[in-house]
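K.L.:
The amino acid sequence is not available; the structure is as follows:
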């Protein structure tokens, strides 16, 4: 969420940013926000003047009564009553106007970084760099669920009967591999100085609206019926929520955390749910990284975060590339975002396995995450990135480690987490 003062002083910049995101329907909101802000400030000004006048008149009445001028005092009291009625009206109007203003400010997009490429949608995202040489083996690679089924590692039919499409049972060594990757990712991030955390898997609505846009909320979140609680779509939600309404000492920054959680998503929209795949599903597990830092340090942390994901995948010999999201593909709170994509030998293309985002002070402003520095108070910057998200990660892993006989090679870094096994067969 932008600072209303910035919007008031820079309406053309805000409108140009909206155009860069191809959201021209939101252009009128800028002028509406400025008008509501002016109205709210005028209401507040009038209310403050009436309060000051009330105090002055109270003293005047006291003087008149002391002088025995009761009739004059009574006339002044009538003025006090009229002012009190108007003040009560103002005190009701001002919060209503500010609430309208806040709703508009919540949907005006954050100002994107000047380095972000301009484009309408993900088809115009920009490839930045490749890491590792993509390899295509001299044999046909089956669909990922076929690989798992041959190893007795997945049961989609039973899951469909129990919960419907978008769920799965992982079994045996595939389930163990899934847990091994999560454990390895956890230790990988701890070794890089991040503090491990297991957060709440449900959050309240004020946290939901603090970490994402209304459109994202509607498309992703499952609400608990009868409760002010939502199942998290990623642990970033509750991890950033951890700092809600706090004043952080500047010397304690940056806060660098890596978190494990199950994730729950509607996956509502064009992508849909695959009946035979585990790429888009309603429930999965994830290792995440988040950073809360000083504003001037967020670009540096952004580079560190996406590189962590690249390094993790390369440590398992999986080729990856980085993609910069164009303006039209950025969620409204994001300043800048990279996707990390893994190589799929079967599809002969890369697919997304992680997303790194710098949100500037948007989440901090919504959640009131402030920093107390030597030069005053300010809003922190927040960033997040996927460390690894099985079972999507399993697709890349299985395809890149599959042997012609159907067995799966286990990289050395994962062998300690698989009881020393070198292969799954």
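P.N.:
On my side now, so go ahead. This is a predicted model, so every value here is computed, not measured.
K.L.:
just the helices in the protein please.
P.N.:
4-9, 11-20, 27-66, 70-105, 144-150, 156-163, 172-191, 205-211, 214-220, 235-241, 298-315, 362-367, 392-400 (DSSP state H).
K.L.:
which outside residues touch the helix or strand bottoming out on mean pLDDT in the chain?
P.N.:
Across the helices and strands of the chain, mean pLDDT, DSSP states H and E gives its lowest value to helix 214-220, namely a mean of 78. With contacts defined as C-beta atoms under 8 Å, 6 or more residues apart in numbering, helix 214-220 is touched by 106-107, 208-209, 212, 233, 265-269, 331-332. Every C-beta, even on glycine, is put in place using the N, C-alpha and C of the backbone.
K.L.:
Look at residue 273 and report its pLDDT.
P.N.:
The score at residue 273 is 48. That number is its pLDDT.
K.L.:
Please apply the same query to residue 250.
P.N.:
Note on residue 250: pLDDT of 97.
K.L.:
same check, this time on residue 79
P.N.:
Residue 79 is given a pLDDT of 69.
K.L.:
before we move on, the earlier item: of all the helices of the chain, which one is nearest residue 130?
P.N.:
Among the helices of the chain, helix 298-315 comes nearest to residue 130, with 10.1 Å by C-beta to C-beta.
K.L.:
Residue 136 is nearest to which of the helices of the chain?
P.N.:
Residue 136 lies closest to helix 392-400 among the helices of the chain, at 9.9 Å (C-beta to C-beta).
K.L.:
which stretches of the stretch 301-425 of the chain have low pLDDT?
P.N.:
The model of the stretch 301-425 of the chain has no residue with pLDDT under 70.
K.L.:
ranges for the strands of it?
P.N.:
Using DSSP state E, counting those that start in this stretch, the strands of the stretch 301-425 of the chain run over 320-324, 336-344, 349-358, 369-373, 376-379, 381-388, 408-409, 423-424.
K.L.:
how about these, which one is nearest residue 399?
P.N.:
Nearest to residue 399 among the strands of the stretch 301-425 of the chain is strand 336-344; the distance by C-beta to C-beta comes to 5.7 Å.
K.L.:
Which one among the contacts of helix 214-220 sits at the bottom for pLDDT?
P.N.:
Scoring those by pLDDT puts residue 269 last, at 49.
K.L.:
just to revisit the earlier point, can you tell me which of the helices of the chain the model trusts least?
P.N.:
The weakest mean pLDDT among those belongs to helix 214-220, with a mean of 78.
K.L.:
Buried ones in that one, by neighbour count?
P.N.:
Going by neighbour count (16 or more other C-beta atoms under 10 Å), the buried part of helix 214-220 is 217, 219, 220.
K.L.:
ok, now stretch 44-60?
P.N.:
By 16+ other C-beta under 10 Å, the buried positions in stretch 44-60 come out as 46, 47, 50.
K.L.:
Distance to residue 190 added to those, as TSV?
P.N.:
Listed next are these as TSV, based on distance: C-beta to C-beta, whole Å:
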residue	distance to residue 190
46	56
47	53
50	58
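K.L.:
Out of those, which comes closest to residue 414?
P.N.:
Proximity of the buried residues of stretch 44-60 to residue 414 (C-beta to C-beta) peaks at residue 47, which lies at 64.3 Å.
K.L.:
so what's that closest one closest to, chain neighbours aside?
P.N.:
With sequence-adjacent residues excluded and distances taken as C-beta to C-beta, 6 or more residues apart in numbering, residue 47 is closest to residue 90, at 4.3 Å.
K.L.:
Equivalent analysis for residue 316, please.
P.N.:
residue 411 (4.7 Å).
K.L.:
ok, so of the buried residues of helix 214-220, who is nearest residue 125?
P.N.:
Set against residue 125, the nearest of the buried residues of helix 214-220 by C-beta to C-beta is residue 219 (19.4 Å).
K.L.:
Please report the distance of that closest one from residue 256.
P.N.:
In this view, residue 219 and residue 256 are 29 Å apart by C-beta to C-beta, to the nearest Å.
K.L.:
next one: residue 155
P.N.:
Taking C-beta to C-beta as the measure, residue 155 falls 38 Å from residue 256.
K.L.:
neighbour count winner among these two?
P.N.:
residue 256 (19 against 16; other C-beta atoms under 10 Å).
K.L.:
Identify the residues contacting residue 1.
P.N.:
By C-beta under 8 Å, 6+ apart, the contact set of residue 1 is 105, 106, 108, 110, 333, 362, 365, 366.
K.L.:
got a pLDDT number for it?
P.N.:
85.
K.L.:
just residue 213 next, same as before
P.N.:
78.
K.L.:
Share the number of residues neighbouring it, please.
P.N.:
For residue 213, the neighbour count with other C-beta under 10 Å is 19.
K.L.:
Number of residues surrounding the closest residue to it other than its chain neighbours?
P.N.:
Nearest residue to residue 213, sequence neighbours excluded (C-beta to C-beta, 6+ apart): residue 332, at 4.6 Å. Residue 332 has 22 neighbouring residues, counting by other C-beta under 10 Å.
K.L.:
Nearest residue to residue 245 in space, please, no chain neighbours.
P.N.:
residue 368 (4.7 Å).
K.L.:
Help me confirm that that neighbour comes into contact with residue 248.
P.N.:
No: counting by C-beta atoms under 8 Å, residue 368 stays clear of residue 248, with 11.1 Å between them.
K.L.:
And these two? Which one has more around it.
P.N.:
More neighbours surround residue 248 than the other of residue 368 and residue 248, with 18 against 13 (other C-beta under 10 Å).
K.L.:
Give the bridge partners for the nearest residue to that one once chain neighbours are set aside, please.
P.N.:
Excluding the flanking residues, the one nearest residue 248 by C-beta to C-beta, 6+ apart is residue 371, at 5.0 Å. Per DSSP bridges, the residues bridged to residue 371 are residue 248, residue 378.
K.L.:
quick one on the thing from earlier: how close does the residue nearest to residue 316 get to residue 318?
P.N.:
9 Å.
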